[in-house]
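Engineer: Let me see the structure of the following:
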Amino acid sequence: AACILLARAMARRRRLPPLCPASLVTTISEMGEKGKPPAFLERMRREVGTSIFRLPFPQWDYFVVVADADVARTILNQQKSEKTWLYQAMNAIHGGVGSVFTKFTFNDGWDWARKGSAHAFTAARVTASLQLSAQHLAKLDHYLLDCAARGLSFPVADVMVHLTLDMIATSGFGGFPMDALQIQGQERNSEGRQFLHELELALVEFIMKQAYNPVRKFQVWDSELRRANQSSKFLMDQAQRILDFNRASGKLQNDQDSIVGFLCRNESYPSDLERCADLLVYLIAGHDTTGYTIAWILCALAQHPDIQERLAADVEEHGKDSPYLQCVIKEGMRINPVATLGSIRRTAEDVETPDGGVIPAGSSVMTPLHLIFCEPWIERAKEFVPERWAEGAPQKQLLERKIFPFSLGRRDCIGQRLAMSSIKNVLVHLVPKYKFAMLKEPVPDYFLTLKPSGAELSVTPRRPVAIVGA
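Structural biologist: Numbering: from 1, shown residues only. The predicted model follows:
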């Protein structure tokens with residue numbers, strides 16, 4: 001009997017995805033260093049010669065990279081697939097407390113946390129959120145017109161993240177004064193600027209360095225680790241200030257359907273500590289991915305003036321219902337997915353691979369979107385071609401199935417409706433009013449999300465701009 005079990009185990013091992021050629025030390029170094037993971041995974045896929053391969057992480061189960069859309073879809077949609085231990089590193093950002101993002105799906109309090117906030121992202125609430133955010137688009141007009149008048153370029157990634165942070169603070173957190181977006185040359189410290197600074201310090205330490213090197217958290221002598229712990233405390237203190245601001249101002253009674261409203265009314269939370277953890281997650285996710293997605297799309301439009309002009313004309317004619325706008329957004333999210341490394345799941349059952357191999361149950365599986373969204377079957381995969389999403393385009397149906405920027409399954413993005421509406425709202429506001437040109441090309445920079453680092457755009461008003469609400 002023992003021989004039979006051994007033979008089965010050996011046969012099963014022969015069917016495992018191939019192991020990448022990088023050593024354990026190299027893998028930990030590359031996956032834990034700011035900016036390096038996407039290029040490292042792309043290089044490993046090229047060297048292994050397959051879209052599904054293993055990384056040599058020291059753990060009882062296997063760590064598998066799946067850059068095949070169909071296999072990734074199967075795993076993400078497994079009813080009993082689970083988040084992995086890697087997400088626990090993010091708990092350090094919110095005081096060591098689990099959040100709606102890091103908790104396990106089963107028996108960990110995730111159910112009531114997600115359901116308790118889901119109604120803050122209904123279609124009706126999203127529409128109200130966009131109306132509340134109109135003041136920040138007027139502020140953006142001020143910023144861009146000032147740049148145009150003074151002949152200044154602007155850092156598109158920073159500006160769009162500042163904008164979306166102000167927007168989510170207004171629409172989701174009772175108008176808490178972040179004041180992140182500021183005129184060039186008039187910058188000053190603010191709640192929003194401080195939040196972004198402290199968040200970056202915490203993310204680099206806890207998401208990049210510690211996630212793939214758990215021993216690092218014990219290196220208490222490390223100055224960067226000590227500084228990141230200070231950042232974590234600031235972020236949790238700020239989350240508490242947001243709760244207190246809303247309670248003291250009476251805003252919860254007037255705007256009960258906001259994110260902070262649902263957090264405060266959800267009596268399943270044991271204390272404000274857990275509320276603050278979830279508040280931080282929604283605040284981070286609500287500005288970061290949306291802001292950088294808009295920035296990447298504006299970069300693509302600046303690089304392709306013909307597409308920019310076609311989009312401006314289509315938005316002038318159709319407004320938010322512009323068919324070409326939808327194509328541009330989908331293509332922008334395909335070619336530069338900000339959630340680049342996708343999701344990581346622990347498989348609930350064996351998964352067959354196209355080459356006859358198997359990913360065993362209990363494996364940790366990463367689904368890197370930057371590889372999946374540029375698979376070889378996609379025509380001109382590395383090019384920005386919005387027309388591929390148009391009705392009747394030959395690959396449209398396949399693309400709709402195999403491109404999933406908001407993940408899939410029970411743990412998909414709860415705020416995807418708000419994100420898509422915000423992206424559309426900002427582009428509809430900007431593209432008919434302004435022409436954008438590239439002055440400094442973006443350098444892809446990854447930690448937590450993919451950013452168009454260093455990109456500088458110039459802006460020219462297409463016509464005199466009336467600033468509504470100014």
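Engineer: Let me see the ranges of the strands in this structure.
Structural biologist: 52-55, 63-66, 82-83, 154-155, 344-346, 351-352, 358-359, 364-366, 434-440, 443-447, 449-453, 456-461 (DSSP state E).
Engineer: Now do the helices in the stretch 151-300 of the chain.
Structural biologist: For the stretch 151-300 of the chain, the helices defined by DSSP state H, counting those that start in this stretch cover 156-172, 191-203, 223-249, 251-254, 259-265, 272-303.
Engineer: okay if I get those as a markdown table plus mean pLDDT?
Structural biologist: Below are these laid out as a markdown table (pLDDT from 0 to 100):
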| stretch | mean pLDDT |
| --- | --- |
| helix 156-172 | 95 |
| helix 191-203 | 93 |
| helix 223-249 | 92 |
| helix 251-254 | 67 |
| helix 259-265 | 91 |
| helix 272-303 | 95 |
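Engineer: Which one, of those, ends up nearest to A120?
Structural biologist: Checking those against A120 by C-beta to C-beta gives helix 259-265 as the closest, at 4.5 Å. Using the backbone N, CA and C atoms, a C-beta is placed for each residue, glycine as well.
Engineer: Any chance of CSV for the strands of the chain, columns mean neighbour count and mean pLDDT?
Structural biologist: Formatted as CSV, the strands of the chain follow (neighbours: other C-beta atoms under 10 Å; pLDDT from 0 to 100):
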stretch, mean neighbour count, mean pLDDT
strand 52-55, 21, 95
strand 63-66, 25, 96
strand 82-83, 20, 90
strand 154-155, 20, 96
strand 344-346, 21, 94
strand 351-352, 17, 95
strand 358-359, 20, 95
strand 364-366, 24, 95
strand 434-440, 17, 97
strand 443-447, 16, 88
strand 449-453, 22, 93
strand 456-461, 18, 97
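Engineer: do you know which of those lies nearest D111?
Structural biologist: Closest approach to D111 among the strands of the chain (C-beta to C-beta): strand 82-83, 13.3 Å.
Engineer: What does the pLDDT read for A134?
Structural biologist: For A134, the model assigns a pLDDT of 87.
Engineer: Quick check: it vs R463, distance?
Structural biologist: 20 Å (C-beta to C-beta, to the nearest Å).
Engineer: which one of those two has more residues nearby?
Structural biologist: Between A134 and R463, A134 has the larger neighbour count (other C-beta atoms under 10 Å), namely 15 against 8.
Engineer: all helices of the stretch 301-450 of the chain, in order?
Structural biologist: Using DSSP H, counting those that start in this stretch, helices in the stretch 301-450 of the chain cover 305-318, 323-335, 369-372, 396-402, 416-430.
Engineer: would you list these in TSV and tack on mean neighbour count?
Structural biologist: Output for the helices of the stretch 301-450 of the chain, formatted as TSV (neighbours: other C-beta atoms under 10 Å):
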stretch	mean neighbour count
helix 305-318	16
helix 323-335	21
helix 369-372	25
helix 396-402	14
helix 416-430	21
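Engineer: Of these, give the one that comes closest to D222.
Structural biologist: In terms of C-beta to C-beta, the element of the helices of the stretch 301-450 of the chain nearest to D222 is helix 369-372, at 30.3 Å.
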